[in-house]
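Trainee: Requesting a structural model of the entry that follows:
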Amino acid sequence: MIKKVMLLFLSLFLCTGILQSAASAAGANPVSKLGVNDKLSDIEPVFSAGRYYVPLRQLANELNWTLTGLKEGIAVAGNGRTLRLLQGEGGAVLQDGTAVEMNTFLEKGSLMVPLQLSSHLGYIITYQPDKYLLRVRNASAKLDDTAFAAKYQQELKPRAAAEPAQEAKPGTPGQTVYMTFDDGPSATTGQLLDILGQYKVKATFFMLGQNMNRYPSAVKQTVKLGQGLGLHGMTHRKEKFYASPAAALAEMADANAALNRIAGAGTTLIRPPYGSKPYFTKSFRDKVLNQGYHLWDWNVDSEDWKYKENSDKIYTSVMEQVHKLKKSKTSPVILMHDQKATLKVLPRLLETLKKEGYDFQLITKDLQPVNFWKDTR
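Mentor: Numbering: from 1, shown residues only. I've put the predicted structure just below:
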C-alpha cells in the first residue's frame, strides 16, 4: 500500500514538473484553448508563476464534476475520486487525507485553480507547446494526443496578440526625444498619463508583468491613449530573471501574455531589468532576440530612482545629457520610472524640451534599437 501511494505521488510530481518545465522552456504562453478528452473546450488557460490555471466551474462543467460548498471550502468529486479544496491558501486535502499545495486566485469573479488539480482526480495532463496542445483526459478519451492535435490543428493555434499600429517616424537626429518609463504600472500611472496628455507627449512604457496584474486598469488606459508598450519582465529580481536564457525568455513571454490577457495587445520591445549590461550577454540575447524581440536600453539616465524627491538634481542631469547628445546629433532615449517622485520633475522637463524644439516620438519595432551591446536585431 505504501509503495502504491509513493508511486502515485511520484507520478503526480513528475506530471506537474514536466508541465511547468515545458511551459518555461517554451518561453511563451501559446495555448489558447484547453482540450478536454476528445473535445476542444472554450476554456482559456492562464499561464501564471510557471503553471496553467483554469476556471474551476468551467472545468467542472466540462468534466461533469460535482462541486459542493463546505464550511472550509469546496468538495470536488469526479472520475470516481474526491478532494477538498480549502479556502485561502489552505491548499487541498486528497481522498486519503493527504494535504497538498494548491494555489488559487480570483479572476473576473471566477475561482482559478491549477490544471494540476485534475491529476489528483486521476486525469492525465498533456502539454505539447510545438502543437499548442494542452489537454486533460481520462479513460473515456478515444483519441490519442497525435490524433487530437491533427483534428484541431487550426483551432489550437492561438490568435496573435495585436501590436498597436504605431507609425515609426525617424525624426531629426539629436532633436527627437524618446521618453521611456520603467517598472510600471503603478498607483500613480494615471497621473503620469495625465501629464503626458497635457503636454501632448507620447512615451514608451516598459512594464512589469506582476504590476500589470496588479493594476490592470492602468494597462488598459495606457493602451487606450496610444502610448508605447514595452516589456520589463515579470519579477525584476536579478536571481530569477538572469537564472538562465530560458528564464529571461519565459519572463518576457509571461509579461506579454499578461499584456494580451488584460488589454488584448502585445509588443516585441523589451528592456531587461537593470539594463542589458552586464548580465544580458550573447547567450541571453540569442535566446530572446531570436524570438523576434527588440532590445532597448537608454542613453540618458535620469537616476530618478536614486534622487527621488531631488527634482533639481534630476532635471539638471537630464538636460546636461540631452545637450551633450545634441552636439553629436544623437537622439536622446531618456530613462525614467513610473513612480510618484517622477510626477514632480516631469512637467518641468517636458516644458523645457518643448521650448527647445524637441520632438517626442514613440519607440516602435521598426526603429533601429538603441542598446548597450549595439545589437541591432
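Trainee: residues in contact with the residue most central in space within the chain?
Mentor: By C-alpha atoms, centre = their mean, the chain has its centre lying nearest to Ala255, at 1.4 Å. Residues in contact with Ala255 (C-beta atoms under 8 Å, 6 or more residues apart in numbering) are 207-209, 212, 231-234. Placement of C-beta: from N, CA and C, glycine included.
Trainee: Name the helix or strand for it, please.
Mentor: Assigned by DSSP states H and E, Ala255 belongs to helix 245-263.
Trainee: which residues sit against the next helix or strand after that helix?
Mentor: Next helix or strand after helix 245-263 toward the C-terminus (DSSP H and E): strand 269-270. Here strand 269-270 makes contact (C-beta under 8 Å, 6+ apart) with 204, 206, 228-232, 252, 288, 293-296, 363-365.
Trainee: Tell me how far strand 269-270 lies from the chain's centre.
Mentor: 12 Å (C-alpha atoms, centre = their mean, to the nearest Å).
Trainee: Secondary structure element holding the residue lying closest to Pro185 once chain neighbours are set aside?
Mentor: Spatially, and ignoring its direct neighbours in sequence, Pro185 is nearest to Ala218 (3.6 Å; C-beta to C-beta, 6 or more residues apart in numbering). Taking DSSP H and E as the criterion, Ala218 maps to helix 216-224.
Trainee: Nearest to Leu59 among the contacts of strand 269-270?
Mentor: Nearest to Leu59 among these, counting by C-beta to C-beta, is Met252 at 28.5 Å.
Trainee: which residues of this structure fall in helices?
Mentor: For the chain, the helices defined by DSSP state H cover 2-26, 56-63, 116-119, 145-151, 153-156, 189-198, 209-214, 216-224, 238-241, 245-263, 282-289, 304-307, 311-327, 342-355.
Trainee: Please name whichever of these is nearest to Pro369.
Mentor: Using C-beta to C-beta, the helices of the chain put helix 282-289 closest to Pro369, at 9.1 Å.
Trainee: ok, the residue nearest to Pro185 - contacts?
Mentor: The contact partners of Ala218, by C-beta under 8 Å, 6+ apart, come to 184-186, 189-190.
Trainee: swap in Ser48?
Mentor: Counting by C-beta under 8 Å, 6+ apart, Ser48 has contacts 105, 213, 254.
Trainee: now the helices of the chain as CSV including mean pLDDT and distance to Arg137?
Mentor: CSV is the format used below for those (pLDDT from 0 to 100; distance: least, C-beta to C-beta, whole Å):
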stretch, mean pLDDT, distance to Arg137
helix 2-26, 44, 13
helix 56-63, 96, 10
helix 116-119, 94, 9
helix 145-151, 94, 8
helix 153-156, 85, 15
helix 189-198, 97, 43
helix 209-214, 94, 30
helix 216-224, 96, 33
helix 238-241, 95, 33
helix 245-263, 91, 24
helix 282-289, 96, 33
helix 304-307, 91, 49
helix 311-327, 96, 58
helix 342-355, 97, 51
